[in-house]
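> Got a sequence here, can you model it:
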Amino acid sequence: MAYGFIEGCVDSHASALAACRGGADRLELCANLSIGGTTPSLGLFRQVRRDCSLPVNVLIRPRFGDFLYSEAEVEEMEDCVRRFRDLGADGVVLGALTRWGTLDQAVMARLMEAAGSMEVTLHRAFDMTRDPLEALEAAIALGCRTILTSGQEKDAPAGAETLRALREKAAGRIAVMAGCGVRAGSIRDIHRRTGVHVFHTSGRRGPVDSGMIYRKPTVSMGLPSLPEYELWRTDEEEFRACAETVHSLTPFS
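Numbering: from 1, shown residues only. As a prediction, the model looks like this:
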């Protein structure tokens, strides 16, 4: 991995291509980013794999909400991991917690066994654990390659102190990837304050207006807080600005 590394978080074919053109080093492919991301369809994965030459890691998350999963949900995740592995995914992004806020090592071990030789990133379930340093060591023991984290705060700038502590504690045993609130204008400050040089961003600027001409104002198909006629996509120029900044970083001292 080069020193400065940037992963594009995308939930559509259009966003995947924008991140690829914008200079991403890898993609995290998911669905439904507006609710934190869920497992993408096999069809979307096939399209992205066909049209983008970058490594693709796939989010495995069966639903919105917490990371305490039932046996049926764990079985579903295992099946999804195997399906994406067989389709040629480079890695999977996953996580599971116990009801006490610790990493569920038994569930994680099952999912990692299903992943085989694929890279595994522990997603932001990590940010919901009660003790980040304990969760870091558990992730390393399990064999995870990367932890995606905001430093257990609302965004990476706010979590800078914890991100720095995690990077120092990791000591190269696992990559600490800063995500949430990663923008072209915040990357250098996050790096300066934490030493983290692996970043994760959707590269979005704002909503794109729907192409619909007729609009039904009285019906909502999802969460009332999410407008029906706004689409969120990766902005190629914003992503390029992020990538250029990340790729120009020099080793932290």
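> tally of neighbours for Y229?
Residues lying near Y229 (other CB atoms under 10 Å) number 13. C-betas here are computed from N, CA, C, even on glycine.
> ditto for the one 5 residues further on
T234 is surrounded by 28 other residues when neighbours are defined as other CB under 10 Å.
> CA atoms only: put stretch 73-83 into PDB for me.
Taking Å, rounded to 0.1, in the frame of the first residue of the first chain, the C-alpha atoms of stretch 73-83 are listed here in PDB:
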ATOM      1  CA  GLU A  73     -28.900 -12.700  10.100                       C
ATOM      2  CA  VAL A  74     -25.400 -14.200  10.700                       C
ATOM      3  CA  GLU A  75     -26.300 -17.000   8.300                       C
ATOM      4  CA  GLU A  76     -27.400 -14.400   5.700                       C
ATOM      5  CA  MET A  77     -24.100 -12.600   6.100                       C
ATOM      6  CA  GLU A  78     -22.100 -15.800   5.700                       C
ATOM      7  CA  ASP A  79     -23.900 -16.600   2.500                       C
ATOM      8  CA  CYS A  80     -23.300 -13.100   1.200                       C
ATOM      9  CA  VAL A  81     -19.600 -13.300   2.000                       C
ATOM     10  CA  ARG A  82     -19.300 -16.600   0.100                       C
ATOM     11  CA  ARG A  83     -21.200 -15.200  -2.900                       C
END
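> What are the contacting residues of that stretch?
Stretch 73-83 has contacts (CB atoms under 8 Å, 6 or more residues apart in numbering) with 39, 42, 58, 60-63, 69, 92, 94, 96, 107, 110-111, 114-115, 118.
> What subset of those is buried?
For those, a burial check counting by 16 or more other CB atoms under 10 Å picks out 39, 58, 60-62, 69, 92, 94, 96, 107, 110-111, 114-115, 118.
> Out of those, which sit inside strands?
Taking DSSP state E as the definition of strands, these contribute 58, 92, 94.
> Spit out the contact partners of the nearest residue to the last one once chain neighbours are set aside.
If I follow you right, that is L94. In space, and not counting its chain neighbours, L94 is closest to I60: 4.3 Å by CB to CB, 6 or more residues apart in numbering. Listed by CB under 8 Å, 6+ apart, the contact set of I60 reads 39, 77, 80-81, 84, 92-94, 111.
> I'd assumed T121 was in contact with V93.
Yes: under the contact definition of CB atoms under 8 Å, V93 touches T121, with a separation of 4.4 Å.
> list residues touching both of those two?
Shared between the contact lists of V93 and T121 (criterion: CB under 8 Å, 6+ apart) are residues 28, 57, 148.
> re earlier: and which of the contacts of I60 is nearest to P207?
Proximity of the contacts of I60 to P207 was ranked by CB to CB; the top entry is T39 with 23.7 Å.
> list the contacts for the closest one?
The contact partners of T39, taken as CB under 8 Å, 6+ apart, are 30-31, 58-62, 77, 80.
> Recalculate using a threshold of 6 Å.
Neighbouring residues of T39 by CB atoms under 6 Å, 6 or more residues apart in numbering: 60-61, 80.
> again, but for T129
Counting by CB under 6 Å, 6+ apart, T129 touches 101, 135.
> Okay, it and G101: tell me how far apart.
6 Å (CB to CB, to the nearest Å).
> hey, where'd the strands end up in the stretch 151-253 of the chain?
Ranges of strands within the stretch 151-253 of the chain are 175-179, 198-201, 208-209, 230-231, based on DSSP state E, counting those that start in this stretch.
> and the longest one, C-alpha only, in PDB?
Provided in PDB are the C-alpha atoms of strand 175-179 (Å, rounded to 0.1, in the frame of the first residue of the first chain):
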ATOM      1  CA  ALA A 175      -4.400  -0.200   9.000                       C
ATOM      2  CA  VAL A 176      -6.400   2.500  10.800                       C
ATOM      3  CA  MET A 177      -8.600   4.100   8.100                       C
ATOM      4  CA  ALA A 178     -10.300   7.500   8.900                       C
ATOM      5  CA  GLY A 179     -13.800   7.800   7.700                       C
END
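> This completes my enquiry, with thanks.
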